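> Here's my sequence, what's the structure:
(one chain, ligands or ions: 1)
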Amino acid sequence: EEENPVDRLPGPPKWPVVGNAFNFIGVSNVDLFYRTLEYPKKYGHRYVIKVFNRRILHIYDVEDIEIVLSHPRNVRKTKQYKFFQPWLRTGLLIATGNKWHQRRKILTPTFHFNILKNFSKVFEEKSRDLVHRLKQKPEEYVDVLSVISDFTLYNICETAMGIQLDYDNSKSSVEYKESIKEIGNHIVNRIITFWLQVDLFFYQTPLGKHYVKCLNKVHSFADSVIMERKKKMMSQEDYSVIQNLDDNANNGTKKRLALLDFLLEAEKKGEIDFEEIRDEVNTFMFAGHDTTAMALTHCLMLLANHEEVQEKIYEECKTIFGDSDRTPSWSDLAEMKYIEATIKEALRLYPSVPFYGRKVTEDFMLGDLLVKKGVEIQLHIYDLHHREDIYPDAEAFKPERFLNGEVRHPYAYIPFSAGPRNCIGRRFAMQEMKCALSEICRHFRLVPKTKGARLTLKADIVLRSVNPIYVKFLPR
Ligand code: HEM
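You can find the predicted model right below:
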């Protein structure tokens, strides 16, 4: 075999032929997460793990990350994303090549500024409902993630899909959320256990069978979302999102549709088929709700532990709203500078997607290192965000970092990734989170169950802690 320059980089000791394939057998998700934090300390900022003939280059230097993420053509995802395939298939998150290019182009306008502006009505209403639900539990420690993931799921469904998931008929949505979690575990298991990677074998195991069961639940939920929206469109008793959009279209701008309506229109023109619509519905429902739920949950936990930050948010809201108890409008959201800094800082400490990967399709230079086609690159965002040289006192929660004009490298802070394959829902997520946080902090004082408790994190497709996060919401 031709010499590959990345083979000269350090890394955990390798066995002949198999490389590091056995290093991760039987390692729990928790150990895996903490082990990957140890590796750069041992092996430096570029190290390589080999699994048979796969070379996985791990990086967390700002300059290296910039080169990789800003590359215009190396936009293919790594092999580990293959395990998303049965679930998200041709959806935007894992699509490759031309398919990705075309989809990205046609989907970008569905998150256009004007559309987001219409969504803010939904965010407002759901945030009010959220406050209402929390008010019913004044004496309880609430399992934050479960309440918040309902909130984010309802938001993505009602905005992008135009479907209202009512609180009381939520059995299928509970099953849906549970199944997503299970699928996440299966995917991570397959990533770290090479024999589960062989489809023929995997699907014969109890794990594989359970995975298929979860997949079926998720697919049928997505199907029902699409069918319901189709029915609504046909019966004309249309829900406000699409109507608002039409109202806005009379000033000469193009008619803009929310995601699912847009895809259904495209289906009529024969540009996309039902299965491909389902792929995007699955993709956006997953990418749009789980990541945001984790981010908000971590944010609320940090706030509960930092009364001084809660007070500053409360003050900011008083300045914006005065004595009015109105919900935040689009322009109110723009004024929430401190809240925005708080969210940013929470996403620095707990980036919902702690690492992501690229497969090199075209040789390129990473500084002085030739990285050849075929190498996979793992970008460690969690590590990047915790670097002491970029964020002094890195473990501390300090929203002020994002207010006092500190100058940082543009790739030093990338919870939403960067470059051509960055997060298409970045602004959506920020607006949604600002709306929720301001509403919560205006109405409650947050109290942690165990002050200063440190989370035990685990490697998963989104950053999760092992134990539930409990917070008490005391009405103000
Ligand atoms: C706090 C919330 C969020 C975070 C931290 C986040 C983070 C990310 C990251 C890191 C990526 C790149 C992943 C990779 O390269 O493998 C990504 C991609 C993506 N995100 Fe988000 N995201 C968030 C919210 C959302 C929302 C609300 C939506 C939809 C409304 C969304 C839809 C997507 C999609 C479709 C992609 C794939 C884009 C492409 O490959 O062209 N995300 N997100």
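
> Looking at the chain, which residue is nearest the ligand?
Per Cβ to the nearest ligand atom, residue 425 is where the chain lies closest to the ligand, at 2.2 Å. The C-beta positions use only the backbone N, C-alpha and C, and glycine is treated the same way.

> Just say helix, strand or coil for the most centrally placed residue in the chain.
In the chain, the residue lying closest to the centroid (Cα atoms, centre = their mean) is residue 291, at 3.0 Å. Secondary structure assignment for residue 291 (DSSP: H, G, I helix; E, B strand; the rest coil): helix.

> ok, how many other residues are close to the nearest residue to it once chain neighbours are set aside?
Once flanking residues are discounted, residue 291 sits nearest to residue 352: 4.1 Å by Cβ to Cβ, 6 or more residues apart in numbering. Here the count is done by other Cβ atoms under 10 Å, and residue 352 has 25 residues near it.

> and if you look at residue 2?
By other Cβ under 10 Å, neighbour count at residue 2 equals 4.

> now it: how far from residue 53?
Here the distance between residue 2 and residue 53 works out to 12 Å (Cβ to Cβ, to the nearest Å).

> and the residue nearest to residue 291, what does it touch?
Listed by Cβ atoms under 8 Å, 6 or more residues apart in numbering, the contact set of residue 352 reads 290-292, 294-295, 415, 462-463.

> and the gap between the residue nearest to the centre of the chain and residue 423?
8 Å.

> Could you check the pLDDT of the residue nearest to residue 291?
Per-residue confidence (pLDDT) for residue 352: 96.

> and it, that's in a strand?
No: counting by three-state DSSP, residue 352 is not found in a strand; it is coil.

> Can you tell me the closest non-neighbouring residue to residue 224?
With Cβ to Cβ, 6+ apart, the residue lying closest to residue 224 is residue 172, at 7.1 Å.

> Let's verify the one you found: helix, strand, or coil?
helix.

> same question, residue 446
Residue 446 - assigned by three-state DSSP - is strand.

> Specify the beta-bridge partners of it.
residue 473 (DSSP bridges).

> for the stretch 1-150 of the chain, what are the low-confidence residue spans?
1 (pLDDT under 70).

> This protein: strands as residue ranges?
46-51, 54-59, 141-143, 355-359, 364-366, 369-371, 376-380, 444-448, 457-458, 464-465, 470-475 (DSSP state E).

> same for the fifth one, what does it pack against?
Here strand 364-366 is seen to pack against helix 62-70, strand 369-371 when contacts are counted using 3 or more Cβ pairs under 8 Å, 6 or more residues apart in numbering; DSSP states H and E.

> In a markdown table, list those along with mean neighbour count.
Formatted as a markdown table, the helices and strands packed on strand 364-366 follow (neighbours: other Cβ atoms under 10 Å):
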| stretch | mean neighbour count |
| --- | --- |
| helix 62-70 | 19 |
| strand 369-371 | 17 |
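
> export these to TSV and tack on distance to the ligand?
Formatted as TSV, the helices and strands packed on strand 364-366 follow (distance: least, Cβ to the nearest ligand atom, whole Å):
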stretch	distance to the ligand
helix 62-70	8
strand 369-371	17
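
> Those: which one's closest to residue 206?
Between residue 206 and the helices and strands packed on strand 364-366, the shortest gap by Cβ to Cβ is with helix 62-70, which sits at 38.0 Å.

> So which residues on the protein come close to the ligand?
77, 92-93, 104, 156, 160, 283-284, 287-288, 291-292, 295, 352-353, 356, 415-417, 421, 423-425, 428-429 (Cβ under 6 Å from any ligand atom).

> Which of those residues are buried? Put it as a ChimeraX command.
Typed into ChimeraX, the line below selects the buried ones among those, using 16 or more other Cβ atoms under 10 Å:
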select :77,92,93,156,160,283,284,287,288,291,292,295,352,353,356,415,416,417,421,423,424,425,428,429
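
> Now intersect the residues of the chain next to the ligand with the helices, please.
104, 156, 160, 283-284, 287-288, 291-292, 295, 428-429 (DSSP state H).

> Was I right to think residue 316 contacts residue 336?
Yes: counting by Cβ atoms under 8 Å, residue 316 touches residue 336, with 6.4 Å between them.

> if you count what's nearby, which of the two comes out ahead?
residue 336 (23 against 20).

> surely residue 225 meets residue 157?
Yes: counting by Cβ under 8 Å, residue 157 is a contact partner of residue 225 at 6.7 Å.

> So which residues of the stretch 1-150 of the chain form helices?
Counting by DSSP state H, counting those that start in this stretch, the stretch 1-150 of the chain has helices at residues 29-43, 62-70, 85-88, 97-107, 113-135, 144-160.

> Now for the ones in helices among the residues of the chain next to the ligand: which two are most distant?
Counting by Cβ to Cβ, the most remote pair of these is 104 and 295, 22.7 Å apart.
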